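Asks: Need a 3D model of the sequence below.
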Amino acid sequence: MPLTDRQRAILAFIEERIRLDGFPPTQLEICAAFGFAQNATANYHLRALEEAGEITRVPGAARSIRLRNPARPSGDVLRLPVLGRVAAGSPIGADAEAGEEAVVGRALFSPAPDYLLRVKGDSMVDDGIFDGDLVAIRRSATARSGQTVVARLDDELTIKRLKIRARDIQLLPRNPAYKPITVPRHADFAIEGIFCGLIRTGA
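Replies: Model (predicted):
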């Protein structure tokens with residue numbers, strides 16, 4: 001069955017969010033963007049996109065949408081080094097895992113990542129990022145408010161949702177058990193990279 005105009009618009013929205021943010025929107029974000037009153041309406045259109053072969057969804061993940069036909073060669077592979085650990089909780093020091101790497105399909109990620117970090121902690125579970133996952137990171141010293149980033153705070157690494165406010169910067173967990181981290185004005189702080197996907201290892 002051909003896609004409706006609304007379904008083509010939703011597909012374009014998903015592609016744009018992945019291109020700009022490095023990760024897909026949630027169903028709730030699709031509802032907000034298209035004015036759907038119920039999550040079931042977004043789910044109906046996403047199911048139609050799945051049946052048309054445009055997307056797949058990962059069960060149990062908050063940001064579960066994956067494009068089946070990304071706008072680049074899907075046969076390419078990436079060899080990504082695992083450079084260490086990143087905290088999904090309180091920040092932890094980087095702990096390099098020398099020599100470890102993973103071979104992954106380039107089409108799994110947008111944008112293409114430069115390296116992997118192993119997650120320790122559960123502060124990002126509402127975004128589908130769990131303890132033991134390998135998160136794919138694209139090197140970047142800048143990011144937009146709302147993006148999920150790897151940040152360095154006083155020589156420790158953490159993965160959080162970035163929130164840029166008028167007077168300060170916050171690193172937001174995606175688990176109500178954790179409090180936001182407000183970056184002190186004179187802290188040694190830097191954005192190290194942007195989250196662009198993950199590999200679930202079962203660790």
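
Asks: could you show me where the helices are in this structure, in order?
Replies: 5-21, 27-34, 39-51 (DSSP state H).

Asks: Just the CA coordinates for the last one, please, in PDB.
Replies: These are the backbone C-alpha positions of helix 39-51, laid out as PDB (Å, rounded to 0.1, in the frame of the first residue of the first chain):
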ATOM      1  CA  ASN A  39       0.400   8.100  21.000                       C
ATOM      2  CA  ALA A  40      -1.500   5.400  19.100                       C
ATOM      3  CA  THR A  41      -1.900   7.700  16.100                       C
ATOM      4  CA  ALA A  42       1.900   8.000  15.800                       C
ATOM      5  CA  ASN A  43       2.200   4.300  16.300                       C
ATOM      6  CA  TYR A  44      -0.300   3.600  13.400                       C
ATOM      7  CA  HIS A  45       1.700   5.700  11.000                       C
ATOM      8  CA  LEU A  46       5.000   4.200  12.100                       C
ATOM      9  CA  ARG A  47       3.600   0.700  11.600                       C
ATOM     10  CA  ALA A  48       2.700   1.700   8.000                       C
ATOM     11  CA  LEU A  49       6.300   2.900   7.500                       C
ATOM     12  CA  GLU A  50       7.500  -0.400   8.800                       C
ATOM     13  CA  GLU A  51       5.200  -2.400   6.500                       C
END
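
Asks: Buried by neighbour count: which residues of it qualify?
Replies: Applying a neighbour-count criterion of 16 or more other CB atoms under 10 Å, one finds Thr41, Ala42, His45, Leu46, Ala48, Leu49 buried in helix 39-51. C-betas here are computed from N, CA, C, even on glycine.

Asks: same question, the first one
Replies: Taking 16+ other CB under 10 Å as the neighbour-count basis, helix 5-21 is seen to contain the buried residues Gln7, Ile10, Leu11, Phe13, Ile14, Glu15, Arg17, Ile18, Asp21.

Asks: Pull the residues that contact it.
Replies: Contact partners of helix 5-21, identified using CB atoms under 8 Å, 6 or more residues apart in numbering, comprise 3, 23-25, 29-30, 33-34, 42, 45-46, 48-49, 52, 54-55, 65, 67, 71, 110-111, 144, 146-147.

Asks: all strands for this protein, in order.
Replies: Ranges of strands within the chain are 55-57, 65-67, 77-87, 92-93, 101-105, 115-120, 134-139, 148-153, 156-164, 169-172, 181-182, 189-199, based on DSSP state E.

Asks: quick revisit: can I get the buried residues of helix 39-51 in TSV with distance to Ser123 and pLDDT?
Replies: TSV is the format used below for the buried residues of helix 39-51 (distance: CB to CB, whole Å; pLDDT from 0 to 100):
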residue	distance to Ser123	pLDDT
Thr41	31	93
Ala42	26	92
His45	31	94
Leu46	27	94
Ala48	34	94
Leu49	31	94
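
Asks: Around the residue lying closest to Asp126 once chain neighbours are set aside, how many other residues sit close by?
Replies: Distances taken as CB to CB, 6 or more residues apart in numbering place Arg174 nearest to Asp126, at 3.9 Å, with adjacent residues excluded. Arg174 has 19 neighbours, counted by other CB atoms under 10 Å.
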